[in-house]
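# give me coordinates for this.
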Amino acid sequence: MRGGGGAASWALPLVLLGLQSRALASPDRVTFERPACAPVAFDEVALEQLLQIELAAAGVREVVIAASASPGPASPTAPPAARLALDGACADAGGIVAKLGSSASAAELTRWIPLGDVPRPTRPRTIAIVLAELVRSSWPALAGALAPIAPLPPAQGPSAPPMRPPPPRRITEGKGAPARAVTPARAPRWTLATIVEARGFFPQGGAFVGGHVGARVALPPPFTASGAIGAWRSSRSDPLGDVDAWLVSGALSAAAGGRVGAVELHAGPEIEIGWVRARGTPVQGAQGHTRDDYVILASLRGELRFPIGGPASGMLDVGFGAPLRGYIARADDRAALAVKNAAARVGVGVAVAF
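From the prediction side, this is the model:
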């Protein structure tokens, strides 16, 4: 019996020390201060929802989302609470600074979060993970020097009563309103685009003006696949009369690329199959004709996208290639209008991601 009591006298202090270390590793309460500027460089609502989930997984019992403000005096009997804030959230200059403080001290730890190569839809999750890790790894450095060491019980004495289980975790926003369950934000998979475009065939050919609509689907990074349909019109004057032509086509393309800051760049091959109809309006004494035929064009296509607000982005679309099967509208023995030789195009438009 004497040997058993000695072992218990050593085990109990070790258990209490372990519980104290666990308490220091995760604060009971964390207050996240919203950035005091707008707009921010990420989805603020998604960040707050994901941060609550990550902090709860890190052992934090209560998360409060509050407006940016100076903290009031802490209660002398309350355990130290953590404060989280972000600097540079509105500049979108490639990154932001995370700040971790304590309600019981003026000390503060910071960490740089690079965002230059992080797509905007995935920024909230990136920031939430870094903030939770900052609390998990750095809170003991702030709270360790502030938390008093609990006195050890005497070597001999009655066993301590069983500890009551901790209260259930709760997540609050503002002044006690319970937060709703959320699902992590996902990056957009589909994009629809409308483009106004001019294209030409040179040194001998025709200039066409029109546009196309297309859809792009995201594949495993950095690849995408696209499809589009469009129509373009061209006209040319000749001594025998005017020649008008329509080109209608469908295209399939694949591309690879990524993001540089807020701008997306993608480039890849495209194959296009179309139908051309040319109609001649002859001068007096000449004869006019209508001729239809199909064409096949191959090109290297590139596009640049930049945000303009919400899910919408502006587009600059360019391409260079050549017809694999061309078309010529003749006036007598001359090629009045043609789809042949080298091809180039440029267009501007708007895309919406969802």
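
# look at Val209 and report its pLDDT.
At Val209, the predicted lDDT confidence score is 97.

# run through the residues that contact it.
197-198, 232-234 (CB atoms under 8 Å, 6 or more residues apart in numbering). For the C-beta atoms, the positions are set from N, CA and C on the backbone; glycine is no exception.

# distance of it relative to Ser226?
In this view, Val209 and Ser226 are 22 Å apart by CB to CB, to the nearest Å.

# check Arg301 too.
Arg301 is 8 Å from Ser226, where distance means CB to CB.

# ok, now Ala251?
Counting by CB to CB, the gap from Ala251 to Ser226 is 8 Å.

# name the residues contacting each of those two.
214, 270.

# neighbouring strands of the host helix or strand of Arg216 in the sheet, and parallel or not?
Arg216 belongs to strand 207-218 when elements are defined using DSSP states H and E. Under the criterion DSSP bridges, strand 207-218 sits next to strand 190-202 (antiparallel), strand 223-238 (antiparallel) in its sheet.

# any chance of CSV for the ones you listed, columns mean pLDDT and distance to Trp275?
Converted to CSV, those look like this (pLDDT from 0 to 100; distance: least, CB to CB, whole Å):
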stretch, mean pLDDT, distance to Trp275
strand 190-202, 95, 15
strand 223-238, 94, 10
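
# got a markdown table for these, with distance to Ser137 and mean neighbour count too?
Shown next, in a markdown table, are these (distance: least, CB to CB, whole Å; neighbours: other CB atoms under 10 Å):
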| stretch | distance to Ser137 | mean neighbour count |
| --- | --- | --- |
| strand 190-202 | 38 | 17 |
| strand 223-238 | 36 | 17 |
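
# now tabulate those strands in JSON lines and tack on distance to Arg305.
Listed next are the strands paired with strand 207-218 as JSON lines, based on distance: least, CB to CB, whole Å:
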{"stretch": "strand 190-202", "distance to Arg305": "9"}
{"stretch": "strand 223-238", "distance to Arg305": "11"}
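
# still on that earlier bit, return the alpha-carbon coordinates of the strand holding Arg216 using CSV.
Only the C-alpha atoms of strand 207-218 are listed here, as CSV (Å, rounded to 0.1, in the frame of the first residue of the first chain):
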residue,chain,number,x,y,z
ALA,A,207,-10.5,40.7,-92.9
PHE,A,208,-13.5,39.4,-90.8
VAL,A,209,-15.2,41.0,-87.9
GLY,A,210,-17.6,39.2,-85.5
GLY,A,211,-17.4,37.3,-82.2
HIS,A,212,-17.8,34.1,-80.4
VAL,A,213,-19.2,32.6,-77.2
GLY,A,214,-17.4,29.9,-75.3
ALA,A,215,-17.1,27.8,-72.2
ARG,A,216,-14.0,26.7,-70.3
VAL,A,217,-13.7,23.9,-67.8
ALA,A,218,-10.9,23.6,-65.3
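
# where does pLDDT dip in this protein?
Within the chain, the segments meeting pLDDT under 70 span 1-25, 68-78, 91-92, 144-187.

# got the domain boundaries for it?
As assigned by automatic domain parsing, the chain contains the domains 2-178, 190-353.

# and the strands in the stretch 151-300 of the chain?
Taking DSSP state E, counting those that start in this stretch, the strands of the stretch 151-300 of the chain run over residues 172-173, 177-178, 190-202, 207-218, 223-238, 241-260, 263-282, 290-309.

# tabulate those strands in a markdown table, adding columns for distance to Asn341.
Shown next, in a markdown table, are the strands of the stretch 151-300 of the chain (distance: least, CB to CB, whole Å):
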| stretch | distance to Asn341 |
| --- | --- |
| strand 172-173 | 64 |
| strand 177-178 | 67 |
| strand 190-202 | 6 |
| strand 207-218 | 13 |
| strand 223-238 | 14 |
| strand 241-260 | 15 |
| strand 263-282 | 15 |
| strand 290-309 | 11 |
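
# between these, which one is closest to Gly347.
For these, proximity to Gly347 was assessed by CB to CB; strand 190-202 is nearest, at 3.2 Å.

# so how far is the closest one off the chain centroid?
Taking CA atoms, centre = their mean, to the nearest Å, the mean C-alpha location of strand 190-202 is offset from the chain mean by 25 Å.

# dump the residue contacts of Pro307.
Here Pro307 is in contact with 120, 262, 313-314 (criterion: CB under 8 Å, 6+ apart).

# what of His266?
Per CB under 8 Å, 6+ apart, neighbours of His266: 224, 255-257, 302-303, 305.

# ok, now Phe306?
262-264, 313-314.

# quick one: buried ones out of those?
Those of the contacts of Phe306 that meet the buried threshold are 264, 313, by 16 or more other CB atoms under 10 Å.

# of the contacts of Phe306, closest to Leu50?
For those, the nearest to Leu50 is Ala262 (21.1 Å; CB to CB).

# and the closest one, backbone torsions?
phi -90, psi 0 (degrees, to the nearest 10).

# quick one: Ala82 from His289, how far?
81 Å.

# neighbour count: these two, which is higher?
Using other CB atoms under 10 Å, the more surrounded residue of Ala82 and His289 is Ala82, with 24 against 12.

# does that one have beta-bridge partners, and which?
Note on Ala82: beta-bridge partners by DSSP bridges are Val30, Ser102.

# please renumber so the chain begins at 33
Fine by me, first position is 33 from now on; the one you just mentioned is Ala114.

# check contacts around it.
Per CB under 8 Å, 6+ apart, neighbours of Ala114: 59, 61-63, 92, 132-135, 167, 171, 174.

# nearest to Ile305, of those?
Nearest member of these to Ile305, counting by CB to CB, is Val167, at 57.0 Å.
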